[in-house]
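Q: model the following, please.
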Amino acid sequence: MDVARLKQSWHQVAAYGDQVPLYFYSALFLSHPETRQMFPTNMAGQRDRLVTALGHIVSHVDQVDRLTGFLGDLGADHRKFAVRPEHYPAVGEALLATLRHFLGDRWTDELARDWAGAYGLVSQVMIEAAQAAEQVHPPWWVAEIVGHERRTFDVAVLTVRPQYLLPFVAGQSIGVSHPAVRAWRYYSPANAPRPDGTLELHVRAAPGGVVSSRLVYGCAVGDHIHLAAPVGERLTLWPAGGADLLLLAAGTGWAPVRALVEQVAAEGARRRVDLYVGARSRTEFYDTEMIDKLAATYPWLTVTYVVGVDPRRPGEVVQVVDRALADGDWRSRHVYVCGSDEMVGRAAQTLAAAGYHAGQVHHEGLGRHWYGPAWRTAVDASPAGDESGGAR
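A: Okay, the predicted model is just below:
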């Protein structure tokens with residue numbers, strides 16, 4: 001297999017932009033129409049995911065260890081779309097047809113063998129990982145909604161109870177889907193694991209977001225949703241060891257941060273935690289009762305609210321990270337950041353400029369990619385409006 005030749009050919013194909021996934025999915029659905037039902041009705045969000053995923057795989061094809069982990073997680077995760085081993089040849093055929101179409105005269109027998117061999121390895125790793133995952137947990141859990149509170153016009157807090165235990169760690173993310181929607185969205189539970197197995201999800205309805213809109217506006221107590229296996233370790237406490245913490249949250253990014261506070265409490269609170277919670281206006285703090293309760297309960301926790309827009313200072317916006325850095329030097333601590341892409345990106349840049357090293361700043365990365373939070377930082381960001389959070 002000629003790695004350089006693979007990378008060069010993919011670079012040439014990727015230059016055609018949106019035409020590539022359009023041709024790929026057309027070829028797949030025409031030759032294997034049974035696969036269409038595995039994809040969301042609206043395919044607009046699929047365009048960048050295919051190109052992004054293939055680009056990541058090809059760019060790391062010579063880094064076997066790193067790529068194997070990525071593909072293994074991907075194969076296990078794809079079970080929630082009902083992907084079976086017999087589906088992989090169909091995808092391979094469509095991929096080769098797409099490459100042949102866009103490369104034209106540059107498509108050679110040698111290149112065809114390289115791509116067939118590379119795809120064979122990719123599919124083998126994904127299939128084996130999916131089969132191994134079958135022995136550990138199901139493709140998804142069915143969960144009943146036992147609580148549904150609308151906190152603001154577009155934010156709801158859902159309490160859900162899986163039919164049987166869904167193991168996870170505070171800071172991980174869990175795939176969520178509604179039976180009426182062929183799409184998934186990842187959410188970090190707002191709680192550490194509970195004895196009764198319930199999960200609390202903080203959901204903001206995103207413009208055009210089929211999953212989030214359904215969860216906020218179209219669900220009620222007694223309804224059932226689907227939950228996928230937890231992914232991601234970047235927001236867990238594992239990387240921080242026993243260090244003191246600085247937590248920066250904005251909007252519904254408060255949810256995983258709250259879970260971390262609960263986890264610190266469960267571990268016996270042998271560290272100091274300073275929490276900064278931001279919102280654009282005072283009315284957008286949707287969980288103040290719980291925040292104040294935590295602050296009053298735990299002496300090791302200090303909470304600071306940050307209001308982004310002050311009517312008395314038009315045009316001036318206060319960022320959570322700026323307020324925290326103005327209050328103290330936290331370079332002896334591990335910093336966890338969770339919020340919108342804009343908030344996380346700005347905070348990461350500001351902290352780096354202030355001398356905080358990458359190993360002490362933790363966030364999921366930018367963009368809601370097709371593969372979910374476990375791999376967010378592996379590749380470039382997808383469109384901000386895309387919320388399927390896990391698609392083929």
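
Q: run the chain-centre distance for stretch 103-111.
A: 36 Å (CA atoms, centre = their mean, to the nearest Å).

Q: can you pull the alpha-carbon coordinates of it into CSV?
A: What follows is stretch 103-111, C-alpha atoms only, in CSV (Å, rounded to 0.1, in the frame of the first residue of the first chain):
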residue,chain,number,x,y,z
LEU,A,103,-10.0,11.1,-10.3
GLY,A,104,-10.9,10.3,-13.9
ASP,A,105,-7.7,9.4,-15.9
ARG,A,106,-5.7,9.6,-12.7
TRP,A,107,-7.5,6.5,-11.4
THR,A,108,-5.2,3.5,-12.0
ASP,A,109,-5.2,-0.2,-11.2
GLU,A,110,-2.5,0.4,-8.5
LEU,A,111,-4.5,3.2,-6.9
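
Q: just the buried residues of it, please?
A: By 16 or more other CB atoms under 10 Å, the buried positions in stretch 103-111 come out as 103, 107, 111. C-beta: built from backbone N, CA, C; applies to glycine.

Q: for that stretch, what is the average pLDDT?
A: For stretch 103-111, the mean per-residue pLDDT is 93.

Q: equivalent analysis for stretch 304-324, please.
A: Averaged across stretch 304-324, pLDDT comes to 81.

Q: where along the stretch 201-350 of the chain do the strands fall?
A: 224-231, 245-250, 273-279, 301-307, 334-338 (DSSP state E, counting those that start in this stretch).

Q: next, the angle strand 224-231 makes with the helix or strand where residue 65 lies.
A: Taking DSSP states H and E as the definition, residue 65 sits inside helix 64-77. Helix 64-77 runs at 170 degrees relative to strand 224-231, counting by axes from the mean of the first three to the mean of the last three CA atoms, to 10 degrees.

Q: buried stuff in helix 64-77?
A: Buried, per 16+ other CB under 10 Å, within helix 64-77: 67, 70, 71, 72, 73, 74, 75, 76, 77.

Q: name the nearest residue to the first one, sequence neighbours excluded.
A: What sits nearest to residue 67 in space, not counting adjacent residues and going by CB to CB, 6 or more residues apart in numbering, is residue 60, at 4.7 Å.

Q: rewinding a little: residue 24: which of the buried residues of helix 64-77 is nearest?
A: Residue 24 has its nearest neighbour among the buried residues of helix 64-77 in residue 74, at 17.0 Å by CB to CB.

Q: which strands or helices does the helix holding residue 65 pack on?
A: Contacts defined by 3 or more CB pairs under 8 Å, 6 or more residues apart in numbering; DSSP states H and E place helix 64-77 against helix 46-59, helix 109-134, strand 224-231.
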